[in-house]
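A.B. asks: Got a sequence here, can you model it:
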Amino acid sequence: MRFDLSDEQRDLAQHARQFFERARASDLEAVLEGKPVADPRVWAQLAGELGLAGIAVAEADGGAGGSLVDLAVVLEAAGYDLSTQPLLASAGCAVAVLQAGRGDQAQAWLAGLAAGEVIGTWADPGGLSEPVRAEETSDGWRLHGRIMHVPCPDRSDLHLVVARAGDDERVFGVHRGASGVRMELDLALDPTRPLTTLTLSGAEATAAHTRTDRAALVRARAVPVVLLAAEVAGVARGAFELALAYARERQQFGRPIGSFQAVKHILADMFVDVETARDVARYGAWSLAEGVDPPEELAAMTHAHVSACAVRVTASMLQILGGIGYTWEHPGHLYYKRALSSARLFTTVERELDRLAGRTGLGEAP
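C.D. replies: Below you'll find the model as predicted:
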């Protein structure tokens with residue numbers, strides 16, 4: 001089987017790349033000066049004019065009717081330019097809600113998420129935090145628990161939380177400002193993606209669906225992980241091209257450093273990682289949309305491979321850049337920090353590989 005983008009998807013990738021390239025200067029300026037990231041004016045263009053917030057949401061639900069691969073292509077472009085916009089968190093939320101089942105409340109949220117009028121984020125404790133507990137009271141659902149490393153704390157209007165209600169897990173919506181909700185900004189390695197710890201102490205919540213199907217929830221949990229891999233693949237390519245441009249321009253002993261064999265070998269290894277990361281990420285999005293592979297295994301292998309590639313590529317980029325890559329004004333260190341932090345967002349490579357080994361009989365699943 002040969003997988004490739006359609007002509008429409010190539011056009012989409014080009015337009016997305018141009019958009020994020022134009023927004024890059026203001027994004028990085030805000031990060032380097034310590035200002036709030038994610039300019040709301042850029043989000044208004046991205047969601048309103050381009051309709052990218054709902055690209056993977058069906059037209060009947062207020063979206064553009066695209067696919068997960070379409071969204072993955074856009075996220076590659078976002079990662080390439082280290083976009084600070086909450087596209088991964090919000091668009092990933094919308095798709096995750098779709099995957100977890102149907103219901104009136106989910107439909108209402110989807111319309112706002114797809115239009116970009118509501119910014120959502122996926123707050124799933126997974127294996128990184130203790131499970132959140134849901135309690136049904138006479139006043140509705142209340143959630144108790146703590147979730148670390150939730151993205152998009154400064155802009156999110158709606159947190160989609162996976163919580164345990166009795167013997168089942170369900171998806172709940174918790175709105176910003178609801179009673180019993182406390183958000184503490186984390187000291188994140190990556191300044192381009194703020195993270196928060198969400199503490200729920202009897203927090204008011206609304207069930208997304210009257211019933212959450214277990215298989216659908218498994219697929220829903222795989223969606224943000226696979227989409228994150230697409231963004232990280234874009235980060236790797238951006239870092240590679242930054243290093244390549246520097247190797248062509250930087251002179252040493254009267255020659256560009258890219259002409260030295262040692263540097264050539266590093267760039268060749270980086271190129272292999274960049275290309276395979278892109279293909280694995282795109283296949284992951286396609287396979288998840290088509291139901292070709294089991295979602296848990298697919299997400300684990302996609303995340304593990306792409307994250308490892310991106311960390312190697314960004315580390316090699318800093319090696320080629322030398323001291324300038326570590327200066328605050330240069331974007332080199334931001335690529336490295338995005339790759340490292342993304343490797344531990346939503347899940348970790350080690351945890352996913354351990355779980356995969358347990359399911360295949362090679363060890364005990366955590």
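
A.B. asks: in the stretch 251-366 of the chain, which segments are predicted with low confidence?
C.D. replies: Along the stretch 251-366 of the chain, the parts satisfying pLDDT under 70 run over 363-366.

A.B. asks: where along it do the strands fall?
C.D. replies: For the stretch 251-366 of the chain, the strands defined by DSSP state E, counting those that start in this stretch occupy 251-252, 255-256.

A.B. asks: Let me know which of those strands is tucked in deepest.
C.D. replies: Comparing those by mean neighbour count (mean count of other C-beta atoms under 10 Å), strand 255-256 comes out on top with a mean of 12. Quick note: C-beta positions are derived from backbone N, CA and C, even for glycine.

A.B. asks: just checking, what packs against it?
C.D. replies: Identification of packing neighbours for strand 255-256 by 3 or more C-beta pairs under 8 Å, 6 or more residues apart in numbering; DSSP states H and E yields helix 214-249.

A.B. asks: now the strands of the stretch 251-366 of the chain in a markdown table, with distance to Leu110?
C.D. replies: Converted to a markdown table, those look like this (distance: least, C-beta to C-beta, whole Å):
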| stretch | distance to Leu110 |
| --- | --- |
| strand 251-252 | 54 |
| strand 255-256 | 51 |
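
A.B. asks: Out of those, flag the one nearest Leu46.
C.D. replies: Proximity of the strands of the stretch 251-366 of the chain to Leu46 was assessed by C-beta to C-beta; the nearest stretch is strand 255-256, lying at 37.1 Å.

A.B. asks: In its sheet, which strands sit next to that closest one, and in what direction?
C.D. replies: When sheet partners are counted by DSSP bridges, strand 255-256 sits next to strand 251-252 (antiparallel).

A.B. asks: roughly how far is the strand it pairs with from the heart of the chain?
C.D. replies: On the basis of C-alpha atoms, centre = their mean, to the nearest Å, strand 251-252 sits 38 Å off its chain's mean C-alpha point.

A.B. asks: which residues are in contact with it?
C.D. replies: Residues outside strand 251-252 that contact it (C-beta atoms under 8 Å, 6 or more residues apart in numbering) are 257, 260.

A.B. asks: Could you check stretch 337-357 and say which residues are buried?
C.D. replies: Using 16 or more other C-beta atoms under 10 Å as the burial criterion, the residues of stretch 337-357 that qualify are 337-343, 345-349, 351-356.
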